[in-house]
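Undergrad: build me a model from this:
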Amino acid sequence: MRYTDKIREIAKKILTDKTVDLIIGFKRGTLPMMTEPVTVRDAEKTDQLYWDSFCNMNLANYLPKREEKIGIIAKGCDSRNIAVHIVENQIKREQLYIIGVPCEGMVDRRKIISLLGDKEAKEVIESDGEIIVKGEGFEHALKRNDYLQDNCMRCMHRNPVIHDALVGDLVEERKEPDPYDDVKDIEGMGSEEKWGFFSDLIKDCTRCYACRNACPLCYCPTCFVDESDPQWVGKSIDPTDTITFHILRAYHCAGRCTDCGACEQACPVDIKVRSFTRKLNKDVLDLYGSEAGLSIEERPPLDTYRPDDYDAFIR
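TA: Numbers count the residues shown, from 1 in each chain. The predicted structure follows:
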């Protein structure tokens, strides 16, 4: 919440100066622990802009093929997706004024809701590394870092990689000894065990496509699952169709995914779909030394060819 005033100040100035035509940011939601994306075009309405630890949606999702000059609020992962969009010609750098937010991680509201059980939070206050949750007949003081989103607990790029203004001092980056230890656990499984793991992972999937719709990388005019001529995959919740959707979507994100967590946060049945994309992120890092969205000068590794590319898989 400490960033809110600075965000409003910067947004008001760049709208007043006609630096941008609009601001894409967040406003406070109607319920505790909820925020909503908002577009602000009037400098006098920037007081509705808001920031707290529940601004987890990736606003880069609203950028592809826009023609206006846009101010956008971006934490580390958002800025990396913006960089991916620039490299993939979905938006031009000169169209953007990026208001960077150094990020200490987003809080996962579902973890708090699970803790509360049938109790309802009426008020949530952030203070000195704590989340104070108040409701009828109860008050809980929770350590903020214990309730972060899973992707935020492993994030190695918390500061915006590109920005035109910063709303606060840069935060210290994590120095995890092995950010992919969870992936190595899966890699250690045998083939049948892996298939069982991923089949069980998506058994509750309803094919609502919330993960796809929330993902900044899924900007194809027609998704492969919606193609009818030819029809690549069935529309039912048959296990084969469902796992085909998740595997192919993950491969489409290979070398491009920033592990922003938008897919998991959008899932209504809490499927850990990052298990698919994190494996591919690790492979791209191991094979090509590349992480998505760290530069607007380099194209994704699977979009380029170099004579020294890894090729041990070719027989």
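
Undergrad: so how many other residues sit close to Glu9?
TA: 14 (other C-beta atoms under 10 Å). Using the backbone N, CA and C atoms, a C-beta is placed for each residue, glycine as well.

Undergrad: pLDDT value on it, please?
TA: According to the prediction, Glu9 has pLDDT 97.

Undergrad: partners of the closest residue to Leu59 other than its chain neighbours in the sheet?
TA: Distance criterion C-beta to C-beta, 6 or more residues apart in numbering; nearest residue to Leu59, sequence neighbours excluded, is Ile24 at 5.3 Å. Beta-bridge pairing for Ile24 (DSSP bridges): Thr39, Ile72.

Undergrad: list the contacts for Ile24?
TA: In this structure, Ile24 makes contact with 37-39, 59, 62-63, 70-73, judged by C-beta atoms under 8 Å, 6 or more residues apart in numbering.

Undergrad: nearest to Gly234, of the residues you listed?
TA: Tyr62 (30.6 Å; C-beta to C-beta).

Undergrad: report the separation between the closest residue to the closest one other than its chain neighbours and Thr35.
TA: Leaving aside its sequence neighbours, Tyr62 sits nearest to Ile24 (C-beta to C-beta, 6+ apart; 5.4 Å). Note on Ile24: its distance to Thr35, by C-beta to C-beta, to the nearest Å, is 13 Å.

Undergrad: so who does the residue most central in space within the chain touch?
TA: What sits nearest the mean C-alpha location of the chain, by C-alpha atoms, centre = their mean, is Cys260, with 2.6 Å. Each residue near Cys260 by C-beta under 8 Å, 6+ apart is listed here: 58, 77-78, 80-81, 151, 216.

Undergrad: ramachandran coordinates for it?
TA: phi -70, psi -20 (degrees, to the nearest 10).

Undergrad: distance from the helix or strand that contains Lys13 to the middle of the chain?
TA: Element membership of Lys13 [criterion: DSSP states H and E] is helix 4-16. Centroid separation for helix 4-16 versus its chain: 24 Å, with C-alpha atoms, centre = their mean, to the nearest Å.

Undergrad: ok, and what's touching that helix?
TA: 19-20, 22-23, 25, 40-43, 46-47, 49-52, 71, 73, 97, 99, 101, 165, 167-168.

Undergrad: how about that helix as CSV, C-alpha atoms only?
TA: Extracted C-alpha coordinates of helix 4-16, given in CSV (Å, rounded to 0.1, in the frame of the first residue of the first chain):
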residue,chain,number,x,y,z
THR,A,4,-0.2,3.9,-3.9
ASP,A,5,0.4,7.6,-3.5
LYS,A,6,3.5,7.5,-5.7
ILE,A,7,1.6,5.6,-8.4
ARG,A,8,-1.2,8.2,-8.4
GLU,A,9,1.3,11.1,-8.5
ILE,A,10,3.2,9.7,-11.5
ALA,A,11,0.0,8.7,-13.3
LYS,A,12,-1.6,12.2,-12.8
LYS,A,13,1.5,13.9,-14.1
ILE,A,14,1.9,11.8,-17.3
LEU,A,15,-1.8,12.1,-18.1
THR,A,16,-1.8,15.9,-17.5
